[in-house]
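> let's see this in three dimensions:
(one chain, ligands or ions: 1)
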Amino acid sequence: MVAYHKNIQADLRKLHIIRYPAPELREVCTPISDPADPSVSALVDRMFKLMFEAGGMGLAASQVCVAARLFIASPTFDPTDRRVYINPRIISTSGKVKVKEGCLSVPGISIKIRRAPKAVIEATGLDGERFMEKAEGLLALIFQHEMEHVDGQILVDHMGWFEKLVHHRVLTELRELSGLELSGRSTASG
Ligand SMILES: [Zn+2]
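Got it, this is the predicted structure:
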């Protein structure tokens, strides 16, 4: 796992979206001490590029292997709709709704999850200012999904035995793929 550091620009091009069962997805991320530092906006730019390329509407730093409390969102999937949440904290949620959710780090699987349709978040922006935002619908759901990433949880944790059975083949394939990537890497490094 790449810890967040000020020289992260040098590593930006190497960043990519990691997938289940990568252990880095399980890490509880650490706060960013200087959200207004240019290195944070450089990281955010790279994350937006990766997220839009992958067709996602939300992405947490832990999904690109950076252990920082940060996520981005674009609920309209419009490239000009760029929302950034640094050191985020969900203040309140209300209501209950069952929604189908997927995750860029667990491709090929979507499951029904109970979420709150309304959420209030507090976070810091790239300008270093703390702000509060009330969200309803999709954005509220993104808040809850991404906050779980920030705390080292993923979609698979919501799956019961039945869903694990239904998605057994995809989960097995993802595990096998990660094994191949690992062995490929060790071969390459000699
Ligand atoms: Zn996700």
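> and Tyr85, backbone torsions?
phi -130, psi 110 (degrees, to the nearest 10).
> likewise Cys65?
phi 70, psi 20.
> Pro117 too?
phi -70, psi -10.
> what do you get for His167?
phi -100, psi 20.
> quick one: contacts for the residue lying closest to it once chain neighbours are set aside?
Setting aside the residues directly before and after it, His167 is nearest to Ile109 in space (CB to CB, 6 or more residues apart in numbering), at 5.0 Å. Every C-beta, even on glycine, is put in place using the N, C-alpha and C of the backbone. Counting by CB atoms under 8 Å, 6 or more residues apart in numbering, Ile109 touches 102-103, 155, 167, 170-171.
> top of the residues you listed by number of neighbours, please.
Cys103 (26 neighbours; other CB atoms under 10 Å).
> mind checking pLDDT for that residue?
Per-residue confidence at Cys103 stands at 97 (pLDDT).
> mind listing which of the contacts of Ile109 are in helices?
170-171 (DSSP state H).
> what's the closest of the contacts of Ile109 to Gly58?
Relative to Gly58, the closest of these is Cys103; by CB to CB it sits at 9.1 Å.
> identify the residue spatially nearest to the most centrally placed residue in the chain, adjacent ones excluded.
Compute the mean C-alpha point of the chain, and by CA atoms, centre = their mean the closest residue is Ala60, 2.7 Å away. Closest residue in space to Ala60, ignoring its immediate chain neighbours: His149 at 3.4 Å, by CB to CB, 6+ apart.
> and what of Met51?
Spatially, and ignoring its direct neighbours in sequence, Met51 is nearest to Leu59 (4.1 Å; CB to CB, 6+ apart).
> what does Ser178 give?
Of all residues not flanking Ser178 in the chain, Pro21 sits nearest, at 5.9 Å (CB to CB, 6+ apart).
> got the contact list for that neighbour?
Contacts of Pro21 by CB under 8 Å, 6+ apart are 174-175, 178.
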